[in-house]
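Peer 1: got a sequence here, can you model it:
(chains A and B)
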Amino acid sequence: MLKTRVMPTMLYKGFGLVKGKAFDSWRRTGGVMQTVKVYDMRGVDELVLLDIAATEEGREPDFALVDEVADECFMPLTVGGGIKTIEHVRGLLKVGADKVAINTAAVENPSLVTETSRKFGAQCVVASIDFKGSEVFTHSGKKATGLDVVAHAKECERLGAGEILLTSAERDGCMTGYDLDVTRRVAEAVRIPVIASGGAGNYEDMAKAVLEAKASAVAAAAIFHFTEATPARPRSTCARAGCRSASNWYNVHSLNTGTYED
Amino acid sequence: MKTVAIVDYGMCNLDSVARAVQECGGDPRVTADPKTIASADSVILPGVGAFGAGMAHLRERGLEAPLREAALERKVPFLGICLGMQLLSTRGEESGDTKGLGWIDAETVLIKPAAGERLPHIGWNEVRPSQESPLFKAIAPGTDYYFVHSYAVRPNDASLTLATAPFGGGVCAAVKKGNIYGVQFHPEKSQKAGFALLRNFLSL
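Peer 2: Below you'll find the predicted structure:
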């Protein structure tokens, strides 16, 4: 069966990777390339790289950085931050991104979601939605939109998004668990996969997001940066809780790698 | 070292395929040049996006004839990945009805998700071989590969199906006809399991 994906999120801010709390109080967590190599070695299911300063600073996506990351990354890569035009999308896909995450532009210029979906397929369009309470925020959580999170998610699906990355801005970095209520309401309202994000504090939180809130995948960052947790371990916890996770890299006979790093 | 023509027809994601081929000991040539295709030891047709756009791009670039020559006359090992596999079929229903390359007697249709499943089919899923083949040599049945698609190839002849994955009542994950192979999943994004498959392809 289809496995529950565990996706580490890397937040890029000008000089390197950061992680904060509730979209604030950023701490440096290391270099991009070093982190990508570790995640690649550990065989994570999928990676998310978000440039959280691009939109605010009015910058374009950093194509050179994504090019470098993609060369070290033999797993699916979703890239977001600062995507405003179809040329940005084309440029990112060309240097090796598999999907683009569109957040602010999905509110300010919804036709970009549709155009991307038509040109490159729904499977490469991730509608990235940040919310507080049940209101959608753009510009890395700084700008209130007045939009209801469930209604906006449905709108993104209608526009042609293939997935929703749903992030609780309030729980981000707090490691107190995902917002199961909002996640469930969104997952029940749309038919495309929903990735729960913001608040994972332990592996059980991830299993809950899938089993209770109907998320198809879970994204997390702080838990991997600041605790001993690894992206491989949730697999066994999720499996015990009843949702299957990927095991792609230990049953290839010819490799005979011996032990499964867990 | 085997040269592998990776066909550039404007459907992106070529870097990842080239890097993976390199990692597996092949000599990747990302190309839209018929001469490079004509001299390559094997050919990979990658692709992400819609069926109609994919066929239109192949034709605009005059690539249909050189690909046909390599696959059907020279009979070099040929691998279609994702959209590249779908284009091997006779027709695709995505974005209207479009004629495909027609090398595999199959149609590309929208997946009907079962209860509790969501489209697109995104993520790691088990690939279960339906028959023995050098492409899956030494790869355990049920090994996970990365999928991301909403449409799937439906062969008209069951013997063309090389492997399936448990989604939408059983989705066709790989096809084979002689020297022509197609995989719906992305070996270039499937880490070690993907490398194992690409190495098998390079030793065909």
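
Peer 1: can we go C-alpha only for contacts and neighbour counts from here?
Peer 2: Fine.

Peer 1: for stretch A:57-68, measure first residue to last.
Peer 2: Stretch A:57-68 has its terminal residues 22 Å apart, counting by Cα to Cα, to the nearest Å.

Peer 1: with stretch B:39-59 instead?
Peer 2: 20 Å.

Peer 1: name the residues of that stretch that are buried.
Peer 2: Within stretch B:39-59, the residues that count as buried by 16 or more other Cα atoms under 10 Å in any protein chain shown are B:40-55, B:57-58.

Peer 1: interface residues of chain B facing chain A?
Peer 2: Applying Cα under 8 Å from any Cα of the partner chain, we find that chain B lies next to chain A at B:11-16, B:19-20, B:48-50, B:53, B:118-120, B:122-126, B:138-140, B:143-145, B:148-150, B:165-167, B:188-193, B:196.

Peer 1: in helices only, show me the residues you listed.
Peer 2: Residues of these located in helices (DSSP state H): B:Leu14, B:Asp15, B:Ser16, B:Arg19, B:Ala20, B:Ala53, B:Gln191, B:Lys192, B:Ala193, B:Ala196.

Peer 1: okay, the residues you listed in JSON lines with pLDDT next?
Peer 2: Supplementary listing: these in JSON lines, determined by pLDDT from 0 to 100:
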{"residue": "B:Leu14", "pLDDT": "83"}
{"residue": "B:Asp15", "pLDDT": "84"}
{"residue": "B:Ser16", "pLDDT": "88"}
{"residue": "B:Arg19", "pLDDT": "92"}
{"residue": "B:Ala20", "pLDDT": "94"}
{"residue": "B:Ala53", "pLDDT": "87"}
{"residue": "B:Gln191", "pLDDT": "90"}
{"residue": "B:Lys192", "pLDDT": "90"}
{"residue": "B:Ala193", "pLDDT": "93"}
{"residue": "B:Ala196", "pLDDT": "97"}
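
Peer 1: and which of those is nearest to A:Val190?
Peer 2: Closest approach between those and A:Val190, by Cα to Cα: B:Ala53, at 26.9 Å.

Peer 1: does the nearest residue to A:Thr85 once chain neighbours are set aside sit in a helix, a strand or a coil?
Peer 2: The shortest distance from A:Thr85 to any non-neighbouring residue, by Cα to Cα, 6 or more residues apart in numbering or on different chains, is to A:Leu112 (6.7 Å). When classified by DSSP: H, G, I helix; E, B strand; the rest coil, A:Leu112 comes out as helix.

Peer 1: now do the same contact list for A:Leu112.
Peer 2: Counting by Cα atoms under 8 Å, 6 or more residues apart in numbering or on different chains, A:Leu112 touches A:Lys84, A:Thr85, A:Ile86, A:Ala105, A:Ala106.

Peer 1: backbone dihedrals for the second one, please?
Peer 2: Note on A:Thr85: backbone dihedrals following degrees, to the nearest 10 are phi -130, psi 170.

Peer 1: any idea which element B:Pro28 lies in?
Peer 2: Using DSSP states H and E, the element containing B:Pro28 is strand B:27-31.

Peer 1: for that strand, packing partners?
Peer 2: Packed against strand B:27-31 by the contact rule (3 or more Cα pairs under 8 Å, 6 or more residues apart in numbering or on different chains; DSSP states H and E) you find strand B:3-7, helix B:14-23.

Peer 1: how far away is the residue nearest to A:Thr85 from chain B?
Peer 2: A:Leu112 is 16 Å from chain B, where distance means Cα to the nearest Cα, to the nearest Å.
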